[in-house]
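In: kindly generate the corresponding structure for this input.
(2 chains)
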2 protein chains.
Amino acid sequence: MDHLSSTFAALSDPTRRAILARLVSGQCSVTQLAEPFDMSLPAISKHLRVLERAGLIARGREAQWRPCRLRPAPLKDVSEWLDRYRAIWEQRFDRLENYLQDLKAKEQRHGRQKRRKQ
Amino acid sequence: MDHLSSTFAALSDPTRRAILARLVSGQCSVTQLAEPFDMSLPAISKHLRVLERAGLIARGREAQWRPCRLRPAPLKDVSEWLDRYRAIWEQRFDRLENYLQDLKAKEQRHGRQKRRKQ
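Out: Predicted coordinates:
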């Protein structure tokens, strides 16, 4: 599996995304990571292995509790991959905004015409 | 499957990402999309269904050739999800850059001292 595919596959699970979000505030033990989830330690460890293989987390070797920490480099790659699409969604949202402003302007003109006729 | 998970799952395949990249330049028929790949039309159609379910493409109903077009909204959601991590990788790259600049400065000082001694 190529690098970007394994990153996307690792991110396609809400528990794994929640684990990454938890690691934003600093490194954690597996027990600490498991706390908010209604999940067994082996189930959490399985998710951690997927994240580790994708390079999204690293696990300490020094301490017995083997703290997990976030590795943001694959997320930067996802952001770079997204770059070519950014222009497209920005254009579309610009067009939608222009359309809504036109609509608003037409409604205001229509409102003034109605008041004049009354 | 939640919305973001199905987007990431759809993006976890290089053929599906290549299909999206092709659609950046405009809508295409399934036959046109299949051309660059060594794949049967049914195999391509299967990938298109995954992309369609994730809301990443839409298929026309009007013409018989049912053109595919890109829908960028789920990619915008991925970009917004990434936002909280952006600060982390930027910080890390800043730290790396500072470290390299320090290293360069030290080497230059070291070089000047060596020249003075000669």
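In: confidence score at the most centrally placed residue in chain A?
Out: Among the residues of chain A, the one closest to the centroid is A:Arg17, at 7.6 Å (CA atoms, centre = their mean). A:Arg17 is assigned 97 on the pLDDT scale.
In: which strand or helix spans it?
Out: helix A:14-23 (DSSP states H and E).
In: run through who's touching that helix.
Out: A:10-11, A:28, A:33, A:36-37, A:39, A:44, A:47-48, A:50-51, A:56-57, A:68-70, B:2, B:4-5, B:81, B:84-85 (CB atoms under 8 Å, 6 or more residues apart in numbering or on different chains). (Each C-beta comes from the backbone N, C-alpha and C, glycine too.)
In: next one: stretch A:90-103
Out: By CB under 8 Å, 6+ apart, stretch A:90-103 touches B:Pro72, B:Lys76.
In: let's see it at 7 Å
Out: B:Pro72 (CB atoms under 7 Å, 6 or more residues apart in numbering or on different chains).
In: just to revisit the earlier point, of the contacts of helix A:14-23, buried ones?
Out: Those of the contacts of helix A:14-23 that meet the buried threshold are A:10-11, A:28, A:33, A:44, A:47-48, A:50-51, A:56-57, A:68, A:70, B:4-5, B:81, B:85, by 16 or more other CB atoms under 10 Å in any protein chain shown.
In: state the distance from the residue nearest to the centre of chain A to B:Arg95.
Out: 25 Å (CB to CB, to the nearest Å).
In: list the contacts for A:Cys68?
Out: A:Leu23, A:Gln27, A:Cys28, A:Val30, A:Leu33, A:Leu48, A:Ile57, A:Arg59.
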